[in-house]
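*Asks:* for reference, the sequence and a predicted model appear below.
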Amino acid sequence: MVMTLPFEVGVVVRDLELMERFYCGVLGCRAERRSGVPESVGTPAGLGGELVVAWLRVPSGGCVKLILPRSASVSAGAVASPAGRLGLSYLTFHLDDMDPVVAALPAAGARPLSDPVVVRARGRRISFWADPEGNVVELVDVRTDDPGSGHSN
């Protein structure tokens with residue numbers, strides 16, 4: 001397994017503009033883009049529905065993704081969907097091939113949140129997991145072939 005991009009972290013927010021100003025103004029992040037995630041991707045990926053995401057580049061090369069749910073209210077309590085609670089929601093790891101990691105996660109005590117376990121979205125494969133303590137991890141790769149894994153649509 002080889003990590004292919006800098007580290008990213010997703011934070012669910014109630015007020016996207018306020019939080020973008022905070023991360024950019026106070027922490028020196030740079031707003032790179034904002035994009036809508038349709039329910040057709042957000043729901044099967046385990047995110048809980050339609051979202052707006054703002055990508056903020058961290059000066060060291062990582063990224064903070066601010067996430068505003070559109071179709072569900074955000075609460076402070078623990079919920080099954082990563083986009084259904086405030087604060088630190090999930091950590092993203094970009095890999096050259098997620099299949100060996102996906103295969104090893106159940107034995108390590110993780111449980112899948114995606115249905116199916118690996119979802120194709122915009123030329124990528126994504127998979128969401130709860131680690132043994134319930135923290136959410138996203139795996140991403142750009143493999144277009146999927147010989148015999150049976151994980152994707």
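*Replies:* That came through, no problem.

*Asks:* point to the helix or strand of the protein where mean pLDDT is at its lowest.
*Replies:* Lowest by mean pLDDT, DSSP states H and E among the helices and strands of the chain is strand 87-94, with a mean of 74.

*Asks:* strands paired with it, and their directions?
*Replies:* Strands adjacent to strand 87-94 in the sheet, as given by DSSP bridges, are strand 8-12 (antiparallel), strand 136-141 (parallel).

*Asks:* let's have these in JSON lines, adding distance to Ser35 and mean neighbour count.
*Replies:* Where you see a C-beta, it was placed from the backbone N, CA and C, and this is true even at glycine. Below are the strands paired with strand 87-94 laid out as JSON lines (distance: least, Cβ to Cβ, whole Å; neighbours: other Cβ atoms under 10 Å):
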{"stretch": "strand 8-12", "distance to Ser35": "13", "mean neighbour count": "19"}
{"stretch": "strand 136-141", "distance to Ser35": "15", "mean neighbour count": "20"}
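
*Asks:* just to revisit the earlier point, and the least confident helix or strand of the chain, what's buried?
*Replies:* Across strand 87-94, burial judged by 16 or more other Cβ atoms under 10 Å covers Ser89, Tyr90, Thr92, Phe93, His94.

*Asks:* likewise stretch 16-30?
*Replies:* Met19, Glu20, Tyr23, Cys24, Cys29.

*Asks:* send me it as CSV with only the CA atoms.
*Replies:* Extracted C-alpha coordinates of stretch 16-30, given in CSV (Å, rounded to 0.1, in the frame of the first residue of the first chain):
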residue,chain,number,x,y,z
LEU,A,16,-20.0,26.8,6.0
GLU,A,17,-19.1,30.4,5.4
LEU,A,18,-18.2,31.0,9.1
MET,A,19,-16.0,27.9,9.3
GLU,A,20,-14.3,28.7,6.0
ARG,A,21,-13.4,32.1,7.2
PHE,A,22,-12.1,30.6,10.5
TYR,A,23,-9.9,28.0,8.8
CYS,A,24,-8.6,30.4,6.2
GLY,A,25,-8.3,33.5,8.3
VAL,A,26,-7.1,32.0,11.5
LEU,A,27,-5.2,28.8,10.4
GLY,A,28,-3.8,30.0,7.0
CYS,A,29,-5.7,27.5,4.9
ARG,A,30,-6.5,28.4,1.2
